[in-house]
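Asker: just the structure for this:
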Amino acid sequence: MLLIALLVWSSNFDACIARRGRHWRHSRPLSGSLYKNRGKDHGSHSNNHHSSKPKTKAPYHKAPSPKAHPPQTPAPTVSIPSPPPQKGCDTTSAVVNVLDFGAKGDGISDDTKAFQAAWTEACKVEASTMIVPSGYQFLVGPISFSGPYCQPNIVFQLDGTIIAPTSSKTWGAGLLWWLEFTKLRGITVQGKGVIDGSGSVWWQDSPYEAPADDETQLIVPLNNTMQQMPPIVRSKLTGKMPSIKPTAMRFYGSFNVTVTGITIQNSPQCHLKFDSCTGVSVHDMNISSPGDSPNTDGIHLQNSRDVNIRTTDLACGDDCVSIQTGCSNIYIHNVNCGPGHGISIGGLGRGSTKACVSNITVRDITVQNTMTGVRIKTWQGGSGSVQGVLFSNIQVSEVELPIVIDQFYCDKSTCKNQTSAVALSGITYERIRGTYTVKPVHFACSDSLPCTDVILTGIQLKPLQERYRLYDPFCWQTFGEQSTPSVPPISCLQIGKPAKSQVQGSDQDIC
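Answerer: Numbering: from 1, shown residues only. Take a look at the predicted model:
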C-alpha cells in the first residue's frame with residue numbers, strides 16, 4: 001500500500017510540473033502542441049520549450065544541416081507551413097499566362113475573352129503575375145481589369161504587343177477608354193511590350209471634329225497663311241469611327257500604381273490617364289504618336305495625388321503631361337517632351353467649375369519642337385486656385401511659346417467673357433533656357449483676379465526665326481518679381497502685388 005501511495009504521489013507531482021510549463025520530456029509532438037498555445041513572447045523563439053535559456057536547446061529542434069547556423073531559429077517556422085497552402089505560397093501557381101486561356105496572339109483573332117479570363121484568375125491571388133508574352137500580337141477590344149475585390153500587388157507583365165481593333169463596330173457609339181484598370185491596390189504594369197491604339201483610323205476624321213488648342217491663335221506664319229486642313233481618306237473596311245475617342249490606358253480609383261518599361265503608341269486620344277489615384281509612379285517608359293495627331297495627350301492626371309513621373313520619353317500631338325483639377329503633390333523630372341504641346345496645368349474651370357491644384361514641381365525637363373514649353377491654362381468663369389508651382393531647369397529647343405499663362409483659354413471659335421476666374425499664385429519659373437520661334441513669354445491673367453507672386457529667375461531665351469513672326473514678351477495683370485535679369489527683358493511683369501481694388505475674389509476661390 002505504501003508503494004502504491006508513492007506512485008500516485010509521483011504521478012500527481014509530474015502533472016503539476018507539466019502544468020507549470022517545465023515539460024522535461026523530449027517529445028516533439030507535445031512540444032509542438034504546447035508551442036501553439038504559448039504566449040507571444042514564446043512565439044518569437046523557435047520551438048525552444050525545454051529551458052529558460054532557449055538558445056542552448058535550439059539545435060535539437062532544427063533540421064539537421066551541416067551548413068546551418070545556430071542563430072537561424074526562424075527556419076523551421078518558415079519551412080513547416082509552406083507545403084500545405086500551395087495556393088498562396090507557391091509562386092508558380094500565381095503566374096498566369098494569357099496563352100493558357102486561349103489567346104492566339106496572331107493579331108487577327110479576338111483575344112479579349114482570353115485576357116478577361118486570365119485576369120479573373122490572377123485577381124484571386126495576392127502578388128500574382130499576368131503574363132502577356134513576347135513574340136505575339138494580341139488583338140484586344142475594350143476591357144476592364146477591375147477590382148475592388150482583386151487581391152493586392154498584381155503584376156501585369158507586358159512583353160508582347162496589344163493592338164486595338166480598327167472596326168467601328170467594336171466601339172459602338174464610342175467609349176472613353178480602351179484598356180482600363182480600376183479600383184486596385186498595388187498594381188504594376190511593366191515589361192518591354194507595346195500597346196498600340198491604332199489611332200490613325202480615328203485621326204482621319206479629327207481635323208474637322210476635334211477642338212483646337214487656343215494657343216494656335218498666337219502663332220502667325222510669316223506668309224500670313226494658316227495651315228490647311230488635310231483631306232480625309234477613309235478606309236471602306238473600317239468605316240467612320242465614333243466621335244468619342246478612347247484613351248489607350250486608364251487607371252481609376254487605384255492606390256500604389258506603377259507603370260514602367262512599356263511603350264504606348266498611336267492612341268486614338270490620350271495615351272495614359274490616371275483618375276482619382278493615389279501613389280503613382282511612372283518611369284522609364286515611352287509614349288509615341290505623330291506630332292499632328294489630334295488631342296493625343298501623353299499622360300493625363302486628374303483628381304490624383306502623390307505622383308512621380310521620371311525618365312520617360314513623351315512624343316505626341318497634344319500636352320506631353322496634362323495636370324487637371326484635384327491634383328496635388330505632383331513631381332515630374334528628367335522627362336523628354338516633344339513633339340507635342342509641352343507640360344500643361346489645365347485647362348481648368350471649364351463650364352464654371354471649381355478647380356484646385358497645388359504643390360506641382362516640374363524640373364530637369366527637355367522640351368523640343370513643341371507648341372508651348374510650360375503652361376498654365378484656365379477658362380473664364382471658373383473658380384478655385386492653382387498655387388505652389390515650380391518650373392525649374394527647363395531646356396527648350398525650337399519651342400514656339402516657352403512660358404505661358406493663359407486665363408482666357410478657349411478651344412472653340414468664341415467664348416463668353418466672364419469675370420470669375422481660377423486664382424493663380426505662387427508660380428516660380430527658374431532657369432528656363434533655350435530657343436523660341438514665336439514669343440518667349442505670354443502672361444495673360446484675369447482682369448478681376450490677377451496672377452500674384454510670379455517669380456522669374458534665370459530666364460535665358462533666344463529667338464530662332466523659322467516660319468513664324470516673332471513677338472516680344474507679353475504680360476497682362478501679372479504681378480511678382482524678377483530676382484535676376486532676363487533675356488529678353490520681361491519689363492511687362494508688374495513688381496509687387498496688385499492693389500486690393502483690383503482683386504475681386506470670393507469664397508469660391510478657396511480650395
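Asker: just the strands in the stretch 351-500 of the chain please.
Answerer: For the stretch 351-500 of the chain, applying DSSP state E, counting those that start in this stretch gives strands covering 354-368, 372-378, 383-399, 401-406, 423-436, 441-444, 451-457, 460-463, 474-476, 478-482, 494-495.
Asker: now do the contacts for Ala390.
Answerer: Wrong residue type there; residue 390 is Leu, not Ala. 360-363, 428, 430 (CB atoms under 8 Å, 6 or more residues apart in numbering). Heads up, the C-betas are built off the backbone N, CA and C, glycines and all.
Asker: from Val189, how far off is it?
Answerer: Here Leu390 is placed at a distance of 29 Å from Val189 (CB to CB, to the nearest Å).
Asker: can you pull out the low-pLDDT segments for the chain?
Answerer: By pLDDT under 70, the weakly predicted segments of the chain are 1-93, 205-212, 214, 224-239, 501-502, 505-508.
Asker: at 90 what do you get?
Answerer: 1-93, 147-148, 173-174, 204-240, 243, 410-416, 465-468, 499-511 (pLDDT under 90).
Asker: all helices for it, in order.
Answerer: For the chain, the helices defined by DSSP state H occupy 2-19, 28-36, 40-43, 54-57, 75-79, 86-89, 112-122, 168-171, 200-203, 206-209.
Asker: re the thing from before, output the strands of the stretch 351-500 of the chain as CSV; include the columns distance to Glu180.
Answerer: CSV is the format used below for the strands of the stretch 351-500 of the chain (distance: least, CB to CB, whole Å):
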stretch, distance to Glu180
strand 354-368, 24
strand 372-378, 27
strand 383-399, 28
strand 401-406, 32
strand 423-436, 33
strand 441-444, 37
strand 451-457, 37
strand 460-463, 41
strand 474-476, 41
strand 478-482, 40
strand 494-495, 46
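Asker: those: which one's closest to Gly298?
Answerer: Among the strands of the stretch 351-500 of the chain, strand 354-368 comes nearest to Gly298, with 12.2 Å by CB to CB.
Asker: what's the first-to-last distance across stretch 133-140?
Answerer: Using CA to CA, to the nearest Å, one end of stretch 133-140 lies 14 Å from the other.
Asker: what lies in contact with that stretch?
Answerer: Contacts for stretch 133-140 (CB under 8 Å, 6+ apart): 97-99, 103-112, 115, 132, 159-165, 179, 192-193.
Asker: the strands in the stretch 201-350 of the chain, which residues?
Answerer: Under DSSP E, counting those that start in this stretch, the stretch 201-350 of the chain gives strands at 247-252, 255-260, 263-265, 272-275, 278-283, 286-288, 299-302, 305-315, 321-323, 327-337, 343-348.
Asker: do the stretch 51-200 of the chain as well
Answerer: 95-97, 106-110, 129-132, 137-139, 143-146, 154-158, 161-163, 177-182, 185-190, 194-196.
Asker: distance to Pro246 and mean neighbour count added to these, as TSV?
Answerer: Formatted as TSV, the strands of the stretch 51-200 of the chain follow (distance: least, CB to CB, whole Å; neighbours: other CB atoms under 10 Å):
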stretch	distance to Pro246	mean neighbour count
strand 95-97	25	17
strand 106-110	17	12
strand 129-132	19	22
strand 137-139	15	21
strand 143-146	11	18
strand 154-158	18	23
strand 161-163	13	21
strand 177-182	4	23
strand 185-190	17	21
strand 194-196	12	21
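Asker: rebuild the ones you listed as TSV, extending it with distance to Ser385.
Answerer: Putting the strands of the stretch 51-200 of the chain into TSV (distance: least, CB to CB, whole Å) gives the following:
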stretch	distance to Ser385
strand 95-97	46
strand 106-110	47
strand 129-132	41
strand 137-139	44
strand 143-146	34
strand 154-158	37
strand 161-163	40
strand 177-182	29
strand 185-190	31
strand 194-196	35
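Asker: of those, which is nearest Phe255?
Answerer: Here strand 185-190 is closest among the strands of the stretch 51-200 of the chain (CB to CB), at 5.1 Å.
Asker: ok, the residue nearest the centre of the chain - contacts?
Answerer: Centroid-nearest residue in the chain, with CA atoms, centre = their mean: Val280, separated by 4.5 Å. For Val280, the contact set (CB under 8 Å, 6+ apart) comprises 251, 257-258, 274, 301, 304, 306-309.
Asker: same thing but at 7 Å, please
Answerer: By CB atoms under 7 Å, 6 or more residues apart in numbering, the contact list for Val280 reads 257, 274, 304, 306-307.
Asker: can you check Ser198 too?
Answerer: Ser198 neighbours (CB under 7 Å, 6+ apart): 163-164, 166, 266.
Asker: beta partners of Asp110?
Answerer: Leu139 (DSSP bridges).
Asker: how near is it to Ser167?
Answerer: From Asp110 to Ser167 the distance is 10 Å (CB to CB).
Asker: next one: Met241
Answerer: 9 Å.
Asker: who has more neighbours, these two?
Answerer: Neighbour count, other CB atoms under 10 Å: between Met241 and Ser167, Met241 has more, with 24 against 12.
Asker: surely the more buried one and Ser168 touch.
Answerer: Yes. Assessed by CB atoms under 7 Å, Met241 is found in contact with Ser168 at 5.3 Å.
Asker: among the strands of the stretch 351-500 of the chain, which comes closest to Asp297?
Answerer: Here strand 372-378 is closest among the strands of the stretch 351-500 of the chain (CB to CB), at 12.9 Å.
Asker: partner residues bridging Phe156?
Answerer: Applying DSSP bridges to Phe156, the residues it is bridged with are Met130, Val189.
Asker: contacts only, for it.
Answerer: 130, 188-189.
Asker: same list (those residues) but as a markdown table, adding distance to Gly172.
Answerer: A markdown table is the format used below for the contacts of Phe156 (distance: CB to CB, whole Å):
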| residue | distance to Gly172 |
| --- | --- |
| Met130 | 27 |
| Thr188 | 31 |
| Val189 | 26 |
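Asker: coming back round to it: closest to Leu493 out of the strands of the stretch 51-200 of the chain?
Answerer: Leu493 lies closest, by CB to CB, to one member of the strands of the stretch 51-200 of the chain: strand 177-182, at 41.7 Å.
Asker: one step back: minimum distance to Leu222: which of the strands of the stretch 351-500 of the chain has it?
Answerer: strand 460-463 (13.3 Å).
Asker: so which of the strands of the stretch 51-200 of the chain is nearest Ala355?
Answerer: strand 177-182 (22.5 Å).
Asker: mind listing residues that contact that closest one?
Answerer: 142-147, 164, 187, 195, 197, 246-254.
Asker: so what strands line up beside it?
Answerer: Here, using DSSP bridges, strand 177-182 pairs with strand 143-146 (parallel), strand 247-252 (parallel).
Asker: got those strands as a markdown table, with distance to His442 columns?
Answerer: A markdown table is the format used below for the strands paired with strand 177-182 (distance: least, CB to CB, whole Å):
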| stretch | distance to His442 |
| --- | --- |
| strand 143-146 | 41 |
| strand 247-252 | 29 |
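Asker: circling back to that earlier point, the residue nearest to the centre of the chain - nearest residue in space that isn't next to it in sequence?
Answerer: Computed as CB to CB, 6 or more residues apart in numbering, the closest residue to Val280 that is not its neighbour in sequence is Val307, at 4.3 Å.
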